[in-house]
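Asker: my questions concern the predicted model and sequence given below.
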Amino acid sequence: MPSVKRKSIEVYLDDKNKLNFTIIKDDGKFKRFAINYSAKIDDKWHAVYRVDNHHGFVHEQRLWISNEQIPLPEYESMDLKDVFDLFFQKVKEGHARFRKYFEERKKNGGN
């Protein structure tokens, strides 16, 4: 009998940066995932970056630019746990850069 499990976790990188991620597994195998990076700017949390495979394909959203879903077809043939691990590391290591892009866009009248 299939066993679908959903896990959602919030990880604070510090008091102004956090990651939220959701993993959905079926019989222990990754089926869906989402990684969201948010930054606290001027006492308000802002969604800055997202990568997931909802909507049936792996894509990212660079929210300092737009809400557009940017397909990442090069990851479609990979095991989803490997894709999750790769992007979790990418976001953890790159969040300061993503934040800088978002703050620059906000300062120039965007978002």
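Answerer: Thanks, I have it.
Asker: can you confirm residue 103 is in a strand?
Answerer: No - using DSSP: H, G, I helix; E, B strand; the rest coil, the assignment for residue 103 is helix, not a strand.
Asker: what does the pLDDT read for the closest residue to it other than its chain neighbours?
Answerer: Counting by C-beta to C-beta, 6 or more residues apart in numbering, residue 41 is the residue found nearest to residue 103 once chain neighbours are left out, at 6.4 Å. (Glycine included, C-beta is placed from N, CA and C.) Per-residue confidence at residue 41 stands at 95 (pLDDT).
Asker: so how far is whichever strand or helix holds residue 20 from its chain's centroid?
Answerer: Here residue 20 sits within strand 17-26, counting by DSSP states H and E. Using C-alpha atoms, centre = their mean, to the nearest Å, the mean C-alpha position of strand 17-26 is found 8 Å from that of the whole chain.
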